[in-house]
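Novice: the sequence isn't on hand, but the structure is:
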Ligand SMILES: O=C1NC[C@H](CO)[C@@H](O)[C@@H]1O
């Protein structure tokens, strides 16, 4: 259909095409829908027409992901320009009210190509961490405090406690809502379709890994966090009645280890499904310099984390997605020449629990591994990212190769395909 402005306009989608929640499962096109996903934070960046855009690479990455059964991508929709060295450049927001239209058109291109492959996307609208500017950059804009880069300060506890001040800052929240409205109400410049009518968006996500503060978050900080989730999720639903909304939480690790807080934060009728993440190395369960000696501890805790959050989802009667997990390469090494035997063993353990419990009808709705590196390659001997370098699955605050799954990691790709087939075969 050629619209008045000459842009090819797709017919409005039938409501049934959207991903919906049916009790404790997802549904799409009248069938149960399971997430076989990748984290692909830079997908919109590759879609830009110029600058950092690499559209030919993007098409190849999407085709390669589709070929191994990936049906869902978790993507960074918004980034904030910052002086922090650990953050990606450029950013979709250069300053309050000033947005990079070329980069936002990259998201349009990504969504157009995702639709051609009938994939779905979770779009996160902020970041608790500094690698895309995030909440600490909002505080720099609106409180005048320095954007804190924990890679520099080495003080994560202070970072988390101060960054949670974002939830209480009225001016920061107002600009955050301006940005939310700009994205949620956006009309795709490639397809002419409003984002709010795009059935290939699965969910709007408040942020990547929002936390209430640090591990010692106070009852007041927790109450602010719970209210923030409910309010913002409700605001997004007020703009868009079609799509699901999720928090982006890591689960207990992102909830000060407080299960009641995690339940309270996700009980809101505005939160349609639960999310959780699993990071044995980041959480010091696994020592990659002593893999044999730390494996049993890591896998025991991982199994418990995987299963206990499914029980929490049962309590709330909502689906849950394991939307991040990862482990580093053998060695440990960042080099794509290194093997991934330990990571493959970990992935198989995770996939087996997810697939088995999904097949039983438990509310686990799938996974997104962290993260698709594909054809990207680290450019520097120290494995740190610099502007102009390839994007890989590891954002700029981490070594390029830490957790990425590259197109040369054949054993990992074969394993992902094996479990993709199992999840896609579940009929409900
Ligand atoms: O959201 C995230 N979770 C863990 C990733 C790997 O450490 C990290 O890169 C990202 O900030």
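Specialist: Thanks, I have the structure now. Source: prediction; values computed, not measured.
Novice: for the residue of the stretch 51-200 of the chain found nearest the ligand, phi and psi?
Specialist: As assessed by C-beta to the nearest ligand atom, the ligand sits closest to residue 129 within the stretch 51-200 of the chain, at 4.5 Å. C-beta here means a position set from N, CA and C on the backbone, and glycine is covered the same way. Phi and psi for residue 129, reported as degrees, to the nearest 10, are phi -100, psi 170.
Novice: got a list of what it touches?
Specialist: 208, 209, 397 (C-beta atoms under 8 Å, 6 or more residues apart in numbering).
Novice: could these go into a markdown table alongside distance to residue 166 and pLDDT?
Specialist: Below are the contacts of residue 129 laid out as a markdown table (distance: C-beta to C-beta, whole Å; pLDDT from 0 to 100):
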| residue | distance to residue 166 | pLDDT |
| --- | --- | --- |
| 208 | 13 | 99 |
| 209 | 13 | 99 |
| 397 | 18 | 98 |
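Novice: of those residues - the most surrounded one?
Specialist: The most crowded member of these, judged by other C-beta atoms under 10 Å, is residue 208 (26 neighbours).
Novice: what is the neighbour count of residue 113?
Specialist: For residue 113, using other C-beta under 10 Å, the count is 21.
Novice: which other helices and strands does the host helix or strand of it contact?
Specialist: If you go by DSSP states H and E, residue 113 is part of helix 101-116. Applying 3 or more C-beta pairs under 8 Å, 6 or more residues apart in numbering; DSSP states H and E, we find helix 101-116 packed against helix 43-46, helix 55-67, strand 72-76, strand 120-124.
Novice: which of the ones you listed sits closest to residue 322?
Specialist: The closest approach between residue 322 and any of those, judged by C-beta to C-beta, belongs to strand 72-76 at 11.2 Å.
Novice: just checking: what are the partner strands of the closest one?
Specialist: If you go by DSSP bridges, strand 72-76 pairs up with strand 35-39 (parallel), strand 120-124 (parallel).
Novice: can you point out the buried residues in the last one?
Specialist: With burial defined by 16 or more other C-beta atoms under 10 Å, the residues of strand 120-124 counted as buried are 120, 121, 122, 123, 124.
Novice: do the same with stretch 84-95
Specialist: Here stretch 84-95 shows 84, 86, 87, 88, 89, 90, 91, 92, 93 as buried, counting by 16+ other C-beta under 10 Å.
Novice: keep only those of the contacts of residue 129 that are also close to the ligand.
Specialist: 208, 209 (C-beta under 6 Å from any ligand atom).
Novice: returning to what we had before: take the helices and strands packed on helix 101-116 and lay them out in TSV including distance to the ligand and mean pLDDT.
Specialist: Converted to TSV, these look like this (distance: least, C-beta to the nearest ligand atom, whole Å; pLDDT from 0 to 100):
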stretch	distance to the ligand	mean pLDDT
helix 43-46	15	98
helix 55-67	18	98
strand 72-76	9	99
strand 120-124	9	99
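Novice: for residue 284, which of these is the nearest?
Specialist: Taking C-beta to C-beta, strand 72-76 is the member of the helices and strands packed on helix 101-116 nearest to residue 284, at 24.5 Å.
Novice: now that closest one: how far from the chain's centre is it?
Specialist: When distances are taken as C-alpha atoms, centre = their mean, to the nearest Å, strand 72-76 is centred 6 Å away from the chain's centroid.
Novice: got the angle for that strand vs helix 55-67?
Specialist: Per axes from the mean of the first three to the mean of the last three C-alpha atoms, to 10 degrees, the angle that strand 72-76 makes with helix 55-67 is 140 degrees.
Novice: tell me the angle of strand 72-76 relative to helix 101-116?
Specialist: Using the same axes, to 10 degrees, strand 72-76 lies at 170 degrees relative to helix 101-116.
Novice: ok, stretch 267-276 near the ligand or not?
Specialist: No: against the ligand, stretch 267-276 shows no contacts by C-beta under 6 Å from any ligand atom, the least distance being 10.9 Å.
Novice: now do the end-to-end distance for that stretch.
Specialist: Start-to-end span of stretch 267-276 (C-alpha to C-alpha, to the nearest Å) is 15 Å.
Novice: avg pLDDT for that stretch?
Specialist: Average pLDDT, stretch 267-276: 98.
Novice: who touches that stretch?
Specialist: So stretch 267-276 is contacted by 21, 26, 203, 205, 229-230, 233-234, 236-237, 244-251, 265-266, 305, 309, 312-313, 316, 318-323, 365 (C-beta under 8 Å, 6+ apart).
Novice: the ligand contacts on the stretch 251-400 of the chain?
Specialist: Residues of the stretch 251-400 of the chain lying close to the ligand (C-beta under 6 Å from any ligand atom) are 277, 279, 282, 324, 370, 395, 398.
Novice: hmm, try it at 8 Å
Specialist: Residues of the stretch 251-400 of the chain found near the ligand (C-beta under 8 Å from any ligand atom) are 277, 279, 282, 324, 326, 370, 371, 394, 395, 397, 398.
Novice: isn't the fourth one right up against residue 253?
Specialist: Spelled out, it's residue 324. No: the pair residue 324 / residue 253 is not scored as a contact, 10.7 Å apart, by C-beta atoms under 8 Å.
Novice: between these two, which contacts overlap?
Specialist: Common neighbours of residue 324 and residue 253 (C-beta under 8 Å, 6+ apart) are 277, 279.
Novice: more crowded one of these two?
Specialist: In this view residue 324 and residue 253 are compared by other C-beta under 10 Å, and residue 324 has more residues nearby, 23 against 19.
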